[in-house]
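> no sequence for this one, just the structure:
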């Protein structure tokens, strides 16, 4: 079985596969729940301030869904599974929910919620990269691809908070996940 060989090779490289799987599942949960919460946040980006953010939030939302889709095969390749209960899966999330602020009209607070979620994701994928570098090439490549996109998302939202230019630009229409797309084909 492919999962047995993949898991064995990763174990032989010195990685605790159960710990890696736990991180992968928790980050997959974070990606799927972030996709859900970003849907709500994006819907509330209205008015003069919010409309300019809506497209950027949508790019990050779609890419987070893509991150979930890219993580699932690797979890199963290593012999892991996803919980069979959505509430359990939600509660495993590596990051706290990016919930709508008390004042849903406060665009700045919505951006802060978006930014906090991206910063948590950057920390999570950095941890996976550090664990797998030079040992589990497939997981490392996947985590690095996701990390690159999460860093861009963080830069986008930091820029909206006026903390300096990010140097990143909005994705061209239909061109989401430039780093992760190879894992989705």
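Arrived safely, thanks for sending. Only a predicted model underlies this, so the values are computations on that prediction, with no experimental measurement involved.
> for residue 165, phi and psi?
phi -70, psi 140 (degrees, to the nearest 10).
> beyond the worst-scoring helix or strand of the chain on mean pLDDT, next helix or strand please.
Using mean pLDDT, DSSP states H and E, the weakest-scoring helix or strand in the chain turns out to be helix 2-12, at a mean of 86. On the C-terminal side of helix 2-12, the nearest following helix or strand under DSSP states H and E is helix 17-43.
> could you give me the average pLDDT of the very next helix or strand once past that next one?
Downstream of helix 17-43, the first helix or strand assigned by DSSP H and E is helix 47-77. Per-region confidence: helix 47-77 scores 92 on mean pLDDT.
> show me which residues of helix 47-77 are buried.
50, 53, 56-72, 74-75, 77 (16 or more other CB atoms under 10 Å). C-beta: built from backbone N, CA, C; applies to glycine.
> what's the answer for stretch 91-106, then?
92-95, 97-98, 100-101, 106.
> surely residue 160 touches residue 56?
Yes - here residue 160 reaches residue 56: they are 7.4 Å apart, a contact under CB atoms under 8 Å.
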